[in-house]
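1. What follows is a predicted protein model with its sequence.
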Amino acid sequence: MPNTILVGVQWGDEGKGKVIDVLTEQADIVARSQGGNNAGHTVIVDGTKYTLHLLPSGLLHPGKVCVIGNGVVLDPVAVIQEIDDLQAQGISIEGNLLISSAAHLVLPYHRLADQQREDRAEVKIGTTKRGIGPAYADKINRTGLRVCDLMVPDRFSEKLKQRIDEHNRLAQAFDGEKLEFDEVWESYRAAGERLKPFVTNTVVYLDKARREGKRILFEGAQGTYLDVDHGSYPFVTSSNTTAGGASTGSGIAPHRMDQVVGVVKAYTTRVGEGPFPSESEELSDRFHQMGREFGATTGRARRCGWFDAVLARYSGIVNGLDHLAVTNLDGLDGLKEVRLVVAYELNGERIEYPPSASEDWERCAPIIETMPGWPAGSTEKARTWDALPKDARNYLNRLSDLVGAPLSMVSVGPGREATILLP
């Protein structure tokens, strides 16, 4: 497998964790390039469920090296908890995890700021309140603390005290919650000590590995329409979730990348507020009653709708998709008909791509194409393309045509084995 960037084509929650888990078999290194513990991957291996937030899911494969890149915002206390949880499930971390010394830290005052802004906002974004946005804001404001600071206790203590004092002054002025320096310092100092063996310059490591011919899989969090530049702004995250973010978030130049694989659900979901033209209350009720479509990180019920080719088509442009992996096809089993949103109508005109302004997007009416479902067939046990019901194959081919990228993988269940690989 050449160096591969894996991206979500929709609003995240496309099942990237499952696809990454399958592709990791062919990779030597899995590198995460952006996001924080506001996102989650759920992977099921031999009946055991693993939920990952910050750690790359490549850790579930013995012998693979996993990298947390400079573009990630990292909560050290949360990372330690995640490491402990995986080790309790029998997963070894020693020797196969590297953390960028240049990654920015998420601190308690970021979480408080996130909560206060969301709670007081007239227009809510739907943030997870994990402090991710404020941490990225500090990064851009050049006031952030980084992993390399955490590795030098005296330096970290001095910088942390300055930031907490600043937070407490603002908290006093706006009737917010104050922080105790000693409490924060002790928990982060202890986390830093435990993380120290994993910390290095990951840019240098990845470049050396690339020159040695190692195969690298670049793993992103969230999806294209949560990208701060290209998503449904302002209902987005605070990082670049698209293919370009893999370069800036890892330090590996764009022309060193070989291919981009996009992941889509066979339908569309999103969490939080914002436009969603293909949203269907009928589909949402169906999936929630089945126990599907609840967030891995928050447990929140996802909003559900038909497959939106307008979204996916534009994602193909932004990400330069070479291949398409379709997940959750089994979620459509039993339906007499399936629908696809092939275009929008806005102000009486047909449009093929989403508008930039969320206010315009909210007013878009979906133009829907209906296809036969496969009510008598099931995809769950299919392990080859030919074993899928004919109408399911027709649906997948139409989806691929609308996106403009060839199919390379179809997932029909959460387990590793429930995967169809196409040549």
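-> In hand now; what should we look at?
2. so V106 touches D75, yeah?
-> Yes. With contacts counted by CB atoms under 8 Å, V106 reaches D75, the gap being 4.1 Å. No exception for glycine: its C-beta is placed from N, CA and C like everyone else's.
3. care to break this protein down by domain?
-> 4-102+198-261, 104-195, 264-421 (automatic domain parsing).
4. measure the second one end to end?
-> Same thing as domain 104-195. In domain 104-195, first residue to last residue: 14 Å (CA to CA, to the nearest Å).
5. same question for that domain, mean pLDDT?
-> In this model, domain 104-195 has an average pLDDT of 91.
6. need the next SSE after the helix or strand of the chain with the lowest mean pLDDT, C-terminal direction.
-> Considering only helices and strands, the least confidently modelled element of the chain by mean pLDDT, DSSP states H and E is strand 41-45, at a mean of 76. Under the assignment DSSP states H and E, the closest C-terminal helix or strand after strand 41-45 is strand 48-52.
7. Within the sheet, what are the partner strands of that next one, with directions?
-> Pairing partners of strand 48-52, with direction, according to DSSP bridges: strand 41-45 (antiparallel).
8. Could I get the CA-only coordinates of the strand it pairs with as CSV?
-> Below are the C-alpha coordinates for strand 41-45, written out as CSV (Å, rounded to 0.1, in the frame of the first residue of the first chain):
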residue,chain,number,x,y,z
HIS,A,41,-13.4,5.6,16.5
THR,A,42,-15.3,2.4,17.5
VAL,A,43,-13.6,-0.8,16.3
ILE,A,44,-14.8,-4.3,16.9
VAL,A,45,-12.2,-7.1,16.8
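9. Give me the distance from that strand to the chain's centre.
-> Centroid displacement of strand 41-45 relative to its chain, using CA atoms, centre = their mean, to the nearest Å, is 14 Å.
10. swap in stretch 191-211?
-> 22 Å.
11. Would you mark the buried spots in it?
-> Using 16 or more other CB atoms under 10 Å as the burial criterion, the residues of stretch 191-211 that qualify are 191-192, 195, 198-199, 202-203, 205-207, 209-210.
12. tell me how far the ends of it are from each other?
-> 33 Å.
13. can I assume L170 sits in a helix?
-> Yes. When classified by DSSP: H, G, I helix; E, B strand; the rest coil, L170 is found to be part of a helix.
14. distance of it from G176?
-> Using CB to CB, to the nearest Å, L170 is found at 7 Å from G176.
15. where do the helices sit along this protein?
-> Under the criterion DSSP state H, helices of the chain are mapped to 16-23, 76-88, 108-120, 132-141, 147-150, 153-173, 181-195, 202-211, 243-248, 281-289, 309-319, 358-362, 390-403.
16. Need these in JSON lines (columns: distance to G415).
-> Compiled in JSON lines, those are given as follows (distance: least, CB to CB, whole Å):
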{"stretch": "helix 16-23", "distance to G415": "8"}
{"stretch": "helix 76-88", "distance to G415": "19"}
{"stretch": "helix 108-120", "distance to G415": "34"}
{"stretch": "helix 132-141", "distance to G415": "30"}
{"stretch": "helix 147-150", "distance to G415": "35"}
{"stretch": "helix 153-173", "distance to G415": "42"}
{"stretch": "helix 181-195", "distance to G415": "32"}
{"stretch": "helix 202-211", "distance to G415": "30"}
{"stretch": "helix 243-248", "distance to G415": "27"}
{"stretch": "helix 281-289", "distance to G415": "19"}
{"stretch": "helix 309-319", "distance to G415": "25"}
{"stretch": "helix 358-362", "distance to G415": "36"}
{"stretch": "helix 390-403", "distance to G415": "19"}
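17. and those helices, which is most packed in?
-> Ranked by average neighbour count under the criterion mean count of other CB atoms under 10 Å, the helices of the chain are headed by helix 16-23 at a mean of 25.
18. got the angle between that one and strand 41-45?
-> For helix 16-23 against strand 41-45, the angle by axes from the mean of the first three to the mean of the last three CA atoms, to 10 degrees is 50 degrees.
19. ok, residues contacting helix 16-23?
-> By CB atoms under 8 Å, 6 or more residues apart in numbering, the list of residues contacting helix 16-23 from outside reads 1, 4, 6-8, 30, 40-45, 52, 56-58, 60-61, 217, 219-220, 261, 263, 296, 325, 327, 409, 411, 414, 416, 419, 421.
20. can you do 6 Å?
-> With CB atoms under 6 Å, 6 or more residues apart in numbering as the test, helix 16-23 has contacts from 6, 8, 41-43, 57, 217, 219, 263, 325, 411, 419.
21. that older thread, which one's more surrounded, V106 and D75?
-> The residue with the greater number of neighbours, taking V106 and D75 and applying other CB atoms under 10 Å, is V106; the counts read 30 against 26.
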